[in-house]
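Participant: sharing a model that was predicted from the sequence below.
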Amino acid sequence: MASLRLRESQITKIHYLTGILSLFAVAIHILFRLIMPFGQSLSYENVVANYHNIFYVILLESILVLISIHGFNGLRIILIELKQSPKWESTITILVLISMIGVIAYGTRTIVIASGL
Amino acid sequence: MGTVSNNKENNNMNSGREGIRGWLNPTRYGWERVSYWLQRLTGLFLLVYFVGHVYETSSLTNGVDAWNSMLELTQTIGGHIFLILVIGTSTFHTVNGIRLIFTESGKGLGKPGRPDYPYNPSSLNYTQKSGIWIALLLACIAMLYGGMVLFGEGG
């Protein structure tokens, strides 16, 4: 079990990697909104059509996972900077992991239903 | 009561713990501290936006009426201004984050030297300061472009 624990340096590398990867993924996501007039790109029919494109679905799921990991790890870093004790750190880590899994699960539910998978 | 709170404050200062007040206080520091502070604030703001965006998008599963009524909330002047803020904060967070990745890998820190008067640390140099200014400048340009798209013909 102890071998499953990630070192803080490894978590930092994951933080940087998820940050850089989400930069490219979000750029493509925004381009999908800008290839036509912004208002038109948000119409129900157009958004549902986007969700039926398998590559776009993979992109959305990637954004969901990457930003969730990056964002909630960032929150963990901020909270651990404010106060340090083993109990606080493990409590924060568990709460952040639960929130992260919750957001990923909720977002995945939307992707699965909207894409009709 | 005042003495008790002063003692508590002194104890926190002595132990090096100032909590959120210390974290939010940029006055004793330079631009690097402002950048540290903005990186965390923009990160928190973007996390809140991200969770809200995931919830907002879930209205898609409830049909066209639910989607349109959710969209109406965002297609207002307030909604557009909020989105412009998201564009600005995400641009700053990204560019400053890239600067921090370079800094942590030792790039742009300068060479270590003898500490001579007035003891300016070589790591807080022109390269670092330019990086912060570029991040702020690009955030402003992105907000301007976002404003043009949202308040222009297509928005």
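Facilitator: Now that the structure is in, tell me what you want to look at.
Participant: show me the shaky parts of chain A.
Facilitator: For chain A, the stretches with pLDDT under 70 are A:1-4, A:117.
Participant: ends of stretch B:96-110, how far apart?
Facilitator: Terminal residues of stretch B:96-110 are spaced 18 Å apart (C-alpha to C-alpha, to the nearest Å).
Participant: and that stretch, average pLDDT?
Facilitator: Taken as a whole, stretch B:96-110 has an average pLDDT of 89.
Participant: near chain A at all, that stretch?
Facilitator: Yes. Counting by C-beta under 8 Å from any C-beta of the partner chain, contacts between stretch B:96-110 and chain A involve B:G97, B:I98, B:I101, B:E104. (Each C-beta comes from the backbone N, C-alpha and C, glycine too.)
Participant: what sits against the closest residue to the first one other than its chain neighbours?
Facilitator: Counting by C-beta to C-beta, 6 or more residues apart in numbering or on different chains, A:G19 is the residue found nearest to B:G97 once chain neighbours are left out, at 5.5 Å. By C-beta atoms under 8 Å, 6 or more residues apart in numbering or on different chains, the contact list for A:G19 reads A:H70, B:T94, B:G97, B:I101.
Participant: the second one is in contact with A:I20, isn't it?
Facilitator: No. Using C-beta atoms under 8 Å, B:T94 is not in contact with A:I20, being 9.3 Å away.
Participant: and for A:V26, the neighbour number?
Facilitator: Neighbourhood size, A:V26 [other C-beta atoms under 10 Å in any protein chain shown]: 17.
Participant: right, I mislabeled it, should have said A:H52
Facilitator: Around A:H52 there are 12 other residues, counting by other C-beta under 10 Å.
Participant: next helix or strand past the host helix or strand of B:R21?
Facilitator: Per DSSP states H and E, B:R21 falls inside helix B:19-24. Next along the chain after helix B:19-24, taking DSSP H and E as the criterion, comes helix B:31-57.
Participant: that next one close to chain A?
Facilitator: Yes. Applying C-beta under 8 Å from any C-beta, one finds that helix B:31-57 is in contact with chain A at B:R40, B:G43, B:L44, B:L46, B:L47, B:F50, B:V51, B:V54, B:Y55, B:T57.
Participant: okay, those in TSV with neighbour count, pLDDT and distance to A:V96 next?
Facilitator: Below are these laid out as TSV (neighbours: other C-beta atoms under 10 Å in any protein chain shown; pLDDT from 0 to 100; distance: C-beta to C-beta, whole Å):
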residue	neighbour count	pLDDT	distance to A:V96
B:R40	18	94	15
B:G43	22	97	13
B:L44	15	97	13
B:L46	21	97	16
B:L47	20	97	11
B:F50	21	97	14
B:V51	19	97	13
B:V54	21	96	16
B:Y55	14	95	18
B:T57	20	93	22
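Participant: identify, from those residues, the entry nearest to A:V57.
Facilitator: Set against A:V57, the nearest of the residues of helix B:31-57 next to chain A by C-beta to C-beta is B:T57 (12.9 Å).
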